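J.: Fold the following.
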Amino acid sequence: MLFHVFALFCLCWKTLFGVFSEIVSVTEGDSVTLNFNAVHEGDHILWKYGAENTLIAKINIKQQDFFTFDDVLDGRFRNRLKLDHQTGSLTITNIRSEHAGIYELEIIGSKLTIEKFSISVYARLPVPVTIRDCSSSSSSLSQYNCSVLCSVVNVSAVSLSWYKGNSVLSSISVSDLSISLSLPLEVEYQDENTYSCVINNTISNQTTHLDINTLCQLCPDEDLHWFYIVWMCAVVGSLMILVSAVMCCISKKRRKTVYNQEEDQSDSTSCKQKSQKTKSDMQAVYYNVPKRR
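T.: Below you'll find the predicted structure:
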């Protein structure tokens, strides 16, 4: 009993809605072709779009007339529809998100055949941007590790991941909302592994490889910090040189003063000894002079 109910439901579903001959996922800006060789199966072929089954293309096989109605639906298909005269396939060029949805093919002949195609359109993925995260540079580990941030803006239905080689380190996903995503990573300055940030959706991906040597430079605050350190070292070094020079001058002056004092004392002693010698010589001369009688 249940089997018959299920079979009846499937038959009604096929009659009312048809079946999906193809489910297609494409990127904005690409072209997509809904392939179906229907020219030899009927007298007329109709291509319709959306919930209201708006007619967008028609083929009269007997008269070999091919028409596209690209001004319907506010002109969203203008200059985008092309019909293949051999197969009846429909091509949508430069596709946009507004062209996503259900496309219906009706083949009218001895019988009515309905085929449905589902098209999903994804935005073209941006290239992830990696920057040095200076907000984490004040942590105690900042002198050993480099904080990096990978970001993308205005994305939906994507995942953003950090890879180390081929292994996933971390990942974050977003559904249909158009938002910005950021994913942090801590690496050592001397790390020689290969890191990459990848954004992907169902049909495509974009990758940015991390260059630690280029990206992990000093942050502005760290530059200022090191500037102050270098400046203080220069000031202290200059003061030490100045003090050393002053001390050297004082030491030389003291040595010169002591030397002069010693020289003065030496001259004084020499003069005294010379005076005493002169006096002794004079006394000797007096002693040698004969006395008068």
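J.: Count the neighbours of Gln190 for me.
T.: Around Gln190 there are 8 other residues, counting by other Cβ atoms under 10 Å. Any C-beta I mention is one placed from the backbone N, CA and C, and that applies to glycine too.
J.: And Glu115, by the same measure?
T.: Using other Cβ under 10 Å, Glu115 has 17 other residues around it.
J.: Mean confidence (pLDDT) on the host helix or strand of it, please.
T.: Assessed by DSSP states H and E, Glu115 sits inside strand 112-122. For strand 112-122, the mean per-residue pLDDT is 93.
J.: where along the stretch 151-293 of the chain do the strands fall?
T.: 158-164, 167-174, 179-188, 195-200, 205-209 (DSSP state E, counting those that start in this stretch).
J.: Please identify the buried residues of the first one?
T.: Residues of strand 158-164 classed as buried: Val158, Ser159, Leu160, Ser161, Trp162, Tyr163, Lys164 (neighbour count, 16 or more other Cβ atoms under 10 Å).
J.: relative to strand 179-188, how tilted is that strand?
T.: For strand 158-164 against strand 179-188, the angle by axes from the mean of the first three to the mean of the last three Cα atoms, to 10 degrees is 10 degrees.
J.: Okay, now the sheet partners of strand 158-164, with direction.
T.: Sheet pairing for strand 158-164, assigned by DSSP bridges, gives strand 167-174 (antiparallel), strand 195-200 (antiparallel).
J.: Kindly report the same for the longest one.
T.: Pairing partners of strand 179-188, with direction, according to DSSP bridges: strand 145-155 (antiparallel).
J.: And stretch 170-184, end to end?
T.: From its first residue to its last, stretch 170-184 covers 9 Å (Cα to Cα, to the nearest Å).
J.: Kindly apply the preceding question to stretch 51-63 instead.
T.: Chord length of stretch 51-63, first to last residue, is 30 Å (Cα to Cα).
J.: what domains does the record give for the protein?
T.: The chain breaks down by automatic domain parsing into domains covering 2-122, 129-221.
J.: Which one of the ones you listed has the poorest average confidence?
T.: Comparing mean pLDDT across the domains of the chain, the weakest is domain 2-122, with a mean of 83.
J.: Please identify the deepest-packed of the strands paired with strand 158-164.
T.: Most buried of these, by mean neighbour count (mean count of other Cβ atoms under 10 Å): strand 195-200, with a mean of 20.
J.: Could you check the angle that strand makes with strand 205-209?
T.: Interaxial angle of strand 195-200 relative to strand 205-209 (the same axes, to 10 degrees): 160 degrees.
J.: on that earlier part again, what helices or strands is the strand holding Glu115 leaning on?
T.: On a contact count with 3 or more Cβ pairs under 8 Å, 6 or more residues apart in numbering; DSSP states H and E, strand 112-122 meets strand 19-27, strand 32-34, strand 101-108.
J.: Pull out the buried residues from the following helix or strand past that strand.
T.: Remark: after strand 112-122, the chain's next helix or strand is strand 129-132, criterion DSSP H and E. Using 16+ other Cβ under 10 Å as the burial criterion, the residues of strand 129-132 that qualify are Thr130, Arg132.
J.: Render the CA-only coordinates of the strand holding Glu115 in PDB, please.
T.: Listed next in PDB are the C-alpha coordinates belonging to strand 112-122 (Å, rounded to 0.1, in the frame of the first residue of the first chain):
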ATOM      1  CA  LEU A 112       4.500  17.300 -23.900                       C
ATOM      2  CA  THR A 113       7.900  16.800 -22.400                       C
ATOM      3  CA  ILE A 114       9.100  19.000 -19.500                       C
ATOM      4  CA  GLU A 115      12.600  19.200 -18.200                       C
ATOM      5  CA  LYS A 116      13.900  21.300 -15.400                       C
ATOM      6  CA  PHE A 117      17.400  22.800 -14.700                       C
ATOM      7  CA  SER A 118      18.600  24.300 -11.500                       C
ATOM      8  CA  ILE A 119      21.300  26.900 -11.500                       C
ATOM      9  CA  SER A 120      23.200  28.200  -8.500                       C
ATOM     10  CA  VAL A 121      25.300  31.300  -8.900                       C
ATOM     11  CA  TYR A 122      28.200  32.000  -6.500                       C
END
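J.: Many thanks, we can stop here.
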